[in-house]
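Chemist: Got a predicted structure here, sequence first:
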Amino acid sequence: MFKMFYILMISSSILLSDYLGGYQGAGYRYGTNARQISLGNSMLCDANQGFNAFLNPALLSKTNGLEIGSSYFLMSLDRYVQVLSVSRNLSSFGGASLSYFESGVSDIYGKDFSNQPTGVFQSKDSYLMFSFGSIVLDRFSVGLNFKAMYSSIANYNSSGFSGDIGFVYELSDNISSAIMIKNIFSSNVWDNTNLAESLLQIKSFGLRFNINNNIKIHSLLENMRPNGLDVYKLKNGIEWNFLKYSLRLGVIQNSGQFSDQSFDVKILAGFGFDIKLLESNKIRLDYCIDFGKENEGISNLISLSIK
C-alpha cells in the first residue's frame, strides 16, 4: 500500500507538472485541444469545432451537423495526450457527443522509500464521455457530461465515474458568459485496495468578448479546494482571426494557498487555419506551443477537426 501511494504521488505530479499535480485527477486537467490551450485554457463560452463537450457541454447546443475532433500532443518528459470526439446535432436546439480522452507518461523510473530503483513503469488516465447540451431559454443553454474513468500506474489500476454540468448565457452577439462545475459527483476505486477517491471539484466562471469581427478576448476564473483550502487560477487569452487564419496568445496566473511562487505565470501561443475541401465540409488544423516550466522542455500540441 505504501509503495502504491509513493508511485501515485510521483507519477501524477509528472503528468500535469503544475502546483496541484499531486492530487487525484491531475492527468485530466491539462487540456484537450490546441486552440483551447493556446488561449490559456480560458475558453468556456465560445464554440470550438469538434471539442465543445470538453470545454463546456452547454456549447453542444451550437453543434451544426456532424463534427469530429482529434488531438495528439507530443510533450516533454515522455508525456502524451490523445483525444477523439464525435458530435452531432439532434435537433435545432440540442446536440450530443461521444468522446475519449487519454493522457499518460512513459518510461518513469521508480524508486522505493529507501531511494532504491524498482524498475521502469508507465501511467495512464483515461475516460469515455457521453455529453448532451441544449438551449432551454432564449440565449441560455445547459449541458451535462457523464464520464467512465480508468487509470493505471505501474501494476495498480482504478476505475470510476464522474459528471460535469455547464451553463452558457449570451448577453449579446458580442458578449457571452458561462459557468462550469467539473466533477460535480465522482468516485474512483483502486483495485485490490480499500482506497476510494473523489476527483477535485473544479468551479469555473468565464467570459468572451468580441472586440470586433476579428478579435476575441477570453477570460476565466477557476477555483478548487484541495484539503478545504481555496486555490484560484486566472486564465486569459486573445485570438486574432483574419481570412482563414488565427493567431492566439494565452496567459495563466496561479494564485491561492498552493500557488507555485517560483513560476506564477505561464505563457502559451498558437495558430490555426481552415482548409475547405468541399462546399459543405471544413477542416481546421490548430497548433499550440507550450514553453513549459523551467527545465521542463517545450511541448507541441496539434489538433484536427472536421465539420
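Modeler: Received, thanks. What you see is a predicted model; the values in this text were computed from it and never measured.

Chemist: doesn't N210 make contact with D173?
Modeler: Yes. Counting by C-beta atoms under 8 Å, D173 sits close enough to N210 to count as a contact (7.4 Å). Every residue, glycine included, has its C-beta placed from N, CA and C.

Chemist: Tell me which of the two has more neighbours.
Modeler: N210 (16 against 8; other C-beta atoms under 10 Å).

Chemist: pLDDT wise, what is that one at?
Modeler: With respect to pLDDT, N210 scores 96.

Chemist: likewise Y127?
Modeler: 95.

Chemist: cool, M1 as well?
Modeler: 42.

Chemist: Would you verify that H218 is located in a strand?
Modeler: Yes. The assignment for H218 by DSSP: H, G, I helix; E, B strand; the rest coil puts it in a strand.

Chemist: Can you tell me how far it is from D112?
Modeler: Relative to D112, H218 is positioned 45 Å away (C-beta to C-beta, to the nearest Å).

Chemist: neighbour-wise, which of those two wins?
Modeler: H218 (25 against 12).

Chemist: just checking, that one touches L39?
Modeler: Yes. Judged on C-beta under 8 Å, H218 makes contact with L39 at a distance of 5.4 Å.

Chemist: Which neighbours do the two have in common?
Modeler: Counting by C-beta atoms under 8 Å, 6 or more residues apart in numbering, the contacts common to H218 and L39 are 237-239.

Chemist: Return the subset of those residues lying in strands.
Modeler: 237-239 (DSSP state E).

Chemist: Specify which member of the residues you listed is nearest to R35.
Modeler: E239 (8.1 Å; C-beta to C-beta).

Chemist: what number of residues lie near the closest one?
Modeler: 25.

Chemist: Let me know the closest of the shared contacts of H218 and L39 to I135.
Modeler: Of the shared contacts of H218 and L39, the one sitting nearest to I135 (C-beta to C-beta) turns out to be E239, at 24.4 Å.

Chemist: Touching, the closest one and N212? I think so.
Modeler: No. At 12.0 Å, E239 does not count as touching N212 under the criterion of C-beta under 8 Å.

Chemist: Throw the shared contacts of H218 and L39 into TSV and include pLDDT and distance to D191, thanks.
Modeler: What follows is these, written out as TSV (pLDDT from 0 to 100; distance: C-beta to C-beta, whole Å):
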residue	pLDDT	distance to D191
G237	97	40
I238	97	45
E239	98	43
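
Chemist: Those into TSV, with extra columns for distance to N188?
Modeler: Putting the shared contacts of H218 and L39 into TSV (distance: C-beta to C-beta, whole Å) gives the following:
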residue	distance to N188
G237	31
I238	36
E239	35
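
Chemist: helices and strands around the top strand by length along the chain, which ones?
Modeler: Secondary structure of the chain per DSSP E: the longest strand is strand 117-137. Strand 117-137 sits against helix 2-16, helix 52-55, strand 94-111, strand 140-153, with contacts defined as 3 or more C-beta pairs under 8 Å, 6 or more residues apart in numbering; DSSP states H and E.

Chemist: right, so the ones you listed: which one is the most enclosed?
Modeler: The highest average neighbour count among those, using mean count of other C-beta atoms under 10 Å, belongs to helix 52-55 at a mean of 28.

Chemist: Within its sheet, name the partner strands of the next helix-or-strand element following it and how each one runs.
Modeler: As assigned by DSSP states H and E, the chain's next helix or strand after helix 52-55 is strand 66-74. Next to strand 66-74 in the sheet, as set by DSSP bridges, lie strand 79-91 (antiparallel), strand 299-306 (antiparallel).
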